[in-house]
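task: produce atomic coordinates for the following.
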Amino acid sequence: MIKVLGILDILAGILFAISLFLKLPTLIMLIVVFYLVIKGIFFLMFLDIASILDLISGILIFISLNTQLSMILNILVILFLVQKGVFSLLS
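This is a model prediction of the structure:
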């Protein structure tokens, strides 16, 4: 199960990176936001900092659908999601 979540985290990071340069359908990005927020809320009961960051990442991606965020903030979200996914695959 952890491997599947890792792959989904990497996919979320890649899709967010692509959305910065190309216009992806809003529905795809809303699915990414929904995935990150639900996963963040579900694992929040374990008081894991990564789950809190998942929730924050989902919220930031949602905000970025309507407004332009700082490129540094976008890159940090992308790097967090991809590295978290890679670590999940390696564990």
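
how near is the closest residue to Leu60 other than its chain neighbours to Met45?
Take Leu60 and drop its neighbours on the chain: the residue closest to it by CB to CB, 6 or more residues apart in numbering is Val77, 5.5 Å away. The C-beta positions use only the backbone N, C-alpha and C, and glycine is treated the same way. Between Val77 and Met45 the distance is 23 Å, computed by CB to CB, to the nearest Å.

now swap in Met71 and tell me
33 Å.

circling back: in three-state terms, how would the residue nearest to Leu60 be classified?
helix (DSSP: H, G, I helix; E, B strand; the rest coil).

let me see the contact set for it.
Counting by CB atoms under 8 Å, 6 or more residues apart in numbering, Val77 touches 13, 16, 57, 60-61.

cool, and Leu79?
Leu79 touches Gly13, counting by CB under 8 Å, 6+ apart.
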